[in-house]
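Sequence and predicted model, in that order:
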Amino acid sequence: MDDDAKSEQLILVVNTGSSSIKYSLFHLPDESLVIHGEISGLGLSQKKHCIHLYDSDRPTMVVEDDNVEFDTHEQGIRAVIDVLSRFNQSVRPLSLSAISHRFVHGGEAFITPVLVDKYVVQQLEQLTHLAPLHNPSNLLGITLCQTLLPDIPQVVVFDTAFHQTLPDYAYRYAIPEQWYLDHKIRRYGFHGLSHSYVVQQAADLMGRPLESLNVISLHLGNGASICAIKQGKSSDTSMGFTPLEGLVMGSRSGDIDPSIPLYIQQKYGLTNEQIEHSLNYDSGLVALAGTNDVQVLLEQEQAGDHNARLALAIYIYRIRKYIGAYLITLGQVDAIIFTAGIGENSSEIRSRCCQDLEQFGIKLATERNQQILSQATIINDTDSAIKILVIPTNEELQIAHDTKRLLS
Ligand code: AMP
């Protein structure tokens, strides 16, 4: 096979953030990872470019560059293109099958991945106000790749799309209808790529068709959300109009009484931006105990720290409230999935989430839960009616998979 033909079997997945670019190159036929890279600190003083090379999903080499000389997103995308051909001689960036972009907020318009054209870019521009912290940089990634590699098909995959199956009584808020009609104020939900990836993995692990499964999926990372999945489709989720609603997160408040920001704004004379910043970056575990690192919180709690104890108690209590709600709304549940940094790595948090739920059919196997897990694993007791699973998430692979389906 000549090199161009090899490149035609490759997809580049790009996630452009405000100061970072994460990218993964996948081999299309078997969806195996070839290169994963992360550029961080764009526009900041400390920049870094880390490149991981793989052979059929097996890591072969890591290259870390702390002396990055570029500063803009355009230079970052140029560096990505350079990496593709520099580290893998058979990759021709000009012959890739597609470049696929993660896009956080697709609003109501985008319910499946789409090929980018002028009309799509115009529509994406109109969604900026729905996710001002994420969408503009996602869009910049697309337009830069269009400019630098104009002949490669560009695809957009949305983190909200999985939740477009929510029924109206789950996605509408009890607020004036005009707010919904004029400004599309409704629940959208996020982490859709992660929830859809892990539920498919769960179906494979359990040997069941996805459409037959009712699942509660807990994405517990620095951002966190929980999703009720009915017959393989999202039927409710804790994040809402923005990723601020729901669970207590690393630095986000999750659910609060909506009158609190208005009251505090008045009392302290704060601007909208200051309030938004406080709820997104100065709240959650950071506000309660000074760190978003759950491992540190568990150690501090052990040492008798009151704030760490309270932070973890609030964190777990909120998760259990949502598990309870989704047990009822789903009616019958086949599995609970733990995923993302905390869900995959902290047996203690998993144990606290599942404590004393035997009467609801949820029973952890203590030893299985405490194993170090690097792949999808069942951690429930044999007599647990509901399966409890730990499944490492892989949003990039989900994007590659969705893109492959779109292209075929
Ligand atoms: P993510 O957003 O999915 O990358 O997850 C990041 C979060 O996972 C961070 O808050 C980490 O502190 C947390 N994390 C990673 N490993 C562990 C662990 N062993 N125990 C508790 N939290 C962890």
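Cool, the structure landed.

Residue of the stretch 51-200 of the chain closest to the ligand, please.
With CB to the nearest ligand atom, the shortest gap between the stretch 51-200 of the chain and the ligand falls at Ser194, namely 8.5 Å. Every residue, glycine included, has its C-beta placed from N, CA and C.

For the ligand, what is the nearest residue in this structure?
Nearest residue of the chain to the ligand: Gly341, at 2.0 Å (CB to the nearest ligand atom).

give me the number of residues near the residue nearest to that residue when sequence neighbours are not counted?
Closest residue to Gly341 in three dimensions, ignoring its sequence neighbours and counting by CB to CB, 6 or more residues apart in numbering: Gly221, at 4.4 Å. Neighbour count for Gly221, taken as other CB atoms under 10 Å: 17.

Over to Val68?
Val68 has 17 neighbouring residues, counting by other CB under 10 Å.

check contacts around it.
Ile39, Gly41, Lys47, Lys48, His49, Ala79 (CB atoms under 8 Å, 6 or more residues apart in numbering).

Distance of the fifth one relative to Ser196?
By that I understand His49. When CB to CB, to the nearest Å is the yardstick, His49 and Ser196 sit 30 Å from each other.

Between those two, point out the one with more neighbours.
Using other CB under 10 Å, the more surrounded residue of His49 and Ser196 is Ser196, with 25 against 22.

So that one is in contact with Thr160, correct?
No: the criterion here is CB atoms under 8 Å, and Ser196 misses it with Thr160 at 11.4 Å.

And the strands in the protein?
For the chain, the strands identified by DSSP state E occupy 10-16, 21-27, 32-40, 48-55, 58-65, 98-103, 114-115, 154-158, 215-220, 224-230, 233-237, 335-339, 377-378, 387-390, in order along the chain.

Would you give the sheet partners of the first one, along with the direction of each?
I take that to be strand 10-16. Using DSSP bridges, the strands paired with strand 10-16 in its sheet are strand 21-27 (antiparallel), strand 98-103 (parallel).

Can I get the ones you listed in TSV including distance to Asn369?
Below are these laid out as TSV (distance: least, CB to CB, whole Å):
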stretch	distance to Asn369
strand 21-27	30
strand 98-103	31
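
Pro59 against His36, yeah?
No: with contact defined as CB under 8 Å, Pro59 does not count as touching His36 (9.1 Å).

hey, what's in contact with both of the two?
Taking CB under 8 Å, 6+ apart as the contact definition, Pro59 and His36 share the neighbouring residues His52.

Look at these two and report which has more neighbours.
Each of Pro59 and His36 had its neighbours counted (other CB under 10 Å), and the higher figure belongs to His36 (19 against 11).

show me what contacts the more buried one?
For His36, the residues meeting the contact criterion (CB under 8 Å, 6+ apart) are Lys22, Tyr23, Ser24, Leu25, Ile51, His52, Tyr54, Glu396.

burial of Ser225, as a residue count?
That count, for Ser225 with other CB under 10 Å as the rule, works out to 28.

check contacts around Gln332.
For Gln332, the residues meeting the contact criterion (CB under 8 Å, 6+ apart) are Asn214.

quick one, phi psi at it?
Taking degrees, to the nearest 10, you get phi -130, psi 130 for the backbone angles of Gln332.

Straight-line length of stretch 335-348, end to end?
Across its full length, stretch 335-348 reaches 19 Å between end residues, using CA to CA, to the nearest Å.

what comes into contact with that stretch?
Applying CB under 8 Å, 6+ apart, the external contacts of stretch 335-348 come out as 194, 198-199, 202, 206, 213, 215-222, 224, 294-295, 298, 323, 349-350, 353-354, 362, 369-370, 373, 386-393.

Just give me how far that stretch sits from the chain centre.
14 Å (CA atoms, centre = their mean, to the nearest Å).

What's the mean pLDDT across it?
In this model, stretch 335-348 carries a mean pLDDT of 97.

Residue numbering should commence at 28 henceforth.
All set: I'll call the first residue 28, so the last point we hit is now stretch 362-375.

Please tell me I have it right and Gln327 contacts His333.
No: between Gln327 and His333 there is no contact under CB under 8 Å: 9.4 Å.

more crowded one of those two?
Between Gln327 and His333, counted using other CB under 10 Å, Gln327 has the larger neighbour count: 20 against 10.

The closest residue to Ile283 other than its chain neighbours: neighbour count?
Take Ile283 and drop its neighbours on the chain: the residue closest to it by CB to CB, 6+ apart is Leu306, 7.8 Å away. Around Leu306 sit 21 other residues, with neighbours defined as other CB under 10 Å.

And for Gln150?
Gln150 is surrounded by 15 other residues when neighbours are defined as other CB under 10 Å.
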